[in-house]
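1. Give me a 3D structure for the following:
(one chain, ligands or ions: 2)
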Amino acid sequence: MQEPMLSLQKVNKMIGRNHIIRDLSFDVNPGEIFGFLGPNGAGKTTTIRMVVGLTGISSGDIRINDFSITKDYKNAIQYVGTIVENPELYPYLTAEKNLLHYARMSKNVTKEDIKQRLELVRLSHVRDQKVSRFSLGMKQRLGIAQAMLHNPKVLILDEPTNGLDPAGVREMRDYLRKVAKEENIAILVSSHLLSEMELMCDRFAIIQNGKLVKVEEVSSEGQMDVASFYRIEVDEPNKAKKLLLDKYVDEVGLDDEIIRVNVTKEKIGKIITFLTNNDMTIYEVIREKQTLEDRFLEATEGEVS
Ligand SMILES: Nc1ncnc2c1ncn2[C@@H]1O[C@H](COP(=O)(O)OP(=O)(O)OP(=O)(O)O)[C@@H](O)[C@H]1O
Ligand SMILES: [Mg+2]
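-> Ligands and ions are numbered 1, 2, ... in the order given. Got it, this is the predicted structure:
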């Protein structure tokens with residue numbers, strides 16, 4: 001087991017009398033893109049502000065590369081790259097000069113680092129252009145290059161796809177994946193663009209009212225212990241329904257002669273064998289694909305905004 005690069009441990013945040021974040025715990029591993037999902041006001045930005053040290057933690061701890069952000073801020077924060085709100089760029093400087101300017105504020109950034117970062121976010125060809133001429137997507141990319149100048153091990157982005165058009169969103173997704181993989185960086189991204197998160201992330205957490213609802217792998221529906229809906233076409237659906245209710249499940253749908261059950265992958269295997277052993281012919285078994293959006297709505301019971 002690899003050590004997590006970012007670890008939230010029973011984090012709580014009170015603002016005045018309001019309990020904004022409650023016992024929030026999750027880990028982000030190197031090389032992984034971790035999505036942080038939740039409806040408006042769930043506490044995503046508040047959490048991110050705690051992770052990057054912009055606001056205090058009421059109780060619990062956040063560890064970055066095993067340094068505590070509360071007890072060892074200086075060591076912890078050196079591993080963090082982030083864009084807070086909008087990237088801080090100077091419109092009248094070129095892309096390269098913006099990075100040079102920023103590099104002067106941190107230690108050990110070489111010209112080669114700047115060149116390499118511009119390549120990574122595919123802005124080398126416009127390095128001599130003024131940022132005022134950049135599109136929003138280009139500015140976002142330059143912001144990421146800037147956030148990565150000091151070789152962080154964790155990249156934290158609050159709604160990085162906000163305001164981008166579909167092509168921009170896709171581009172952002174591609175290079176965040178590239179950054180995670182090539183640089184083995186742990187990336188935490190918040191969003192409520194569910195379909196987008198599904199394509200971008202390896203795992204995601206859903207929070208609601210400051211509490212963790214669940215942490216899941218994006219592709220978890222193929223796992224043995226995760227339930228999905230299955231449709232079974234069988235020659236004797238009524239008999240099958242009765243037998244399944246007796247033996248395997250509490251609820252069986254029967255629509256248009258098609259059986260529908262919500263079971264784990266492990267159980268569907270047993271059900272297929274069981275029906276066959278009871279002299280029924282199975283014509284087809286289909287797993288209904290559940291999108292991340294379905295799972296989000298299920299987890300938050302429809303309270304999406
Ligand atoms: N400075 C503050 N003082 C009091 N309450 C605050 C403060 N900042 C945030 N909150 C409250 O904390 C809760 C979480 O807000 P937060 O901005 O973290 O949500 P979010 O998940 O980022 O939402 P969005 O999707 O709209 O960006 C909200 O109920 C908000 O009103
Ligand atoms: Mg927010």
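2. how many other residues sit next to the residue of the stretch 201-305 of the chain found nearest ligand 1?
-> Going by C-beta to the nearest ligand atom, ligand 1 is nearest to residue 210 of the stretch 201-305 of the chain, at 6.8 Å. Backbone N, C-alpha and C define where each C-beta goes, glycine included. Residue 210 has 22 neighbouring residues, counting by other C-beta atoms under 10 Å.
3. For residue 109, give me its contacts.
-> 103, 149-150 (C-beta atoms under 8 Å, 6 or more residues apart in numbering).
4. Pull out the buried residues from the residues you listed.
-> 103, 149-150 (16 or more other C-beta atoms under 10 Å).
5. Near ligand 1, which residues of this structure? Just list them.
-> Residues of the chain found near ligand 1 (C-beta under 6 Å from any ligand atom) are 15, 18, 20, 38, 40-46, 192.
6. Write the PyMOL selection for whichever of those residues are buried.
-> Typed into PyMOL, the line below selects the buried ones among the residues of the chain next to ligand 1, using 16+ other C-beta under 10 Å:
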select buried, resi 20+38+42+43+44+45+46+192
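7. need the residues of the chain next to ligand 1 in a markdown table with secondary structure, can you?
-> Shown next, in a markdown table, are the residues of the chain next to ligand 1 (DSSP: H, G, I helix; E, B strand; the rest coil):
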| residue | secondary structure |
| --- | --- |
| 15 | strand |
| 18 | strand |
| 20 | strand |
| 38 | coil |
| 40 | coil |
| 41 | coil |
| 42 | coil |
| 43 | coil |
| 44 | helix |
| 45 | helix |
| 46 | helix |
| 192 | coil |
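8. Out of the residues of the chain next to ligand 1, which is nearest to residue 142?
-> residue 45 (22.0 Å; C-beta to C-beta).
9. Bridged to the nearest residue to the closest one once chain neighbours are set aside, which residues?
-> Nearest residue to residue 45, sequence neighbours excluded (C-beta to C-beta, 6 or more residues apart in numbering): residue 158, at 5.6 Å. Applying DSSP bridges to residue 158 gives these bridge partners: residue 190.
10. Wait, residue 158 touches residue 47, no?
-> No - counting by C-beta atoms under 8 Å, residue 158 stays clear of residue 47, with 9.3 Å between them.
11. Look at the two and report which has more neighbours.
-> Each of residue 158 and residue 47 has its neighbours counted (other C-beta under 10 Å); residue 47 has more, 29 against 21.
12. Shouldn't that one be within a strand?
-> No - the assignment for residue 47 by three-state DSSP gives helix, which leaves it out of any strand.
13. could you measure it against ligand 2, distance?
-> 9 Å (C-beta to the ion, to the nearest Å).
14. Repeat that for residue 52.
-> 13 Å.
15. what's near enough to touch that residue?
-> Neighbours of residue 52 in contact, by C-beta under 8 Å, 6+ apart: 77, 80, 82, 84, 156.
16. Other residues contacting the strand or helix carrying the third one?
-> So that's residue 82. Using DSSP states H and E, residue 82 maps to strand 80-83. Residues from elsewhere that reach strand 80-83 (C-beta under 8 Å, 6+ apart): 48, 51-53, 64, 140, 143-144, 146-150, 152-158, 160.
17. now swap in stretch 261-277 and tell me
-> Under C-beta under 8 Å, 6+ apart, the answer for stretch 261-277 is 222-230, 232, 234, 240, 243-244, 247-249, 251-253, 282, 285, 287.
18. Please identify the buried residues of that stretch?
-> Those would be 261, 263, 265, 267-268, 271-272, 274-275, for stretch 261-277 by 16+ other C-beta under 10 Å.
19. could you give me the average pLDDT of that stretch?
-> Stretch 261-277 shows a mean pLDDT of 92.
20. what do you get for stretch 24-39?
-> pLDDT averaged over stretch 24-39 gives 94.
21. got a list of contacts for stretch 244-252?
-> Here stretch 244-252 makes contact (C-beta under 8 Å, 6+ apart) with 241, 259-263, 267, 270-271, 274-275.
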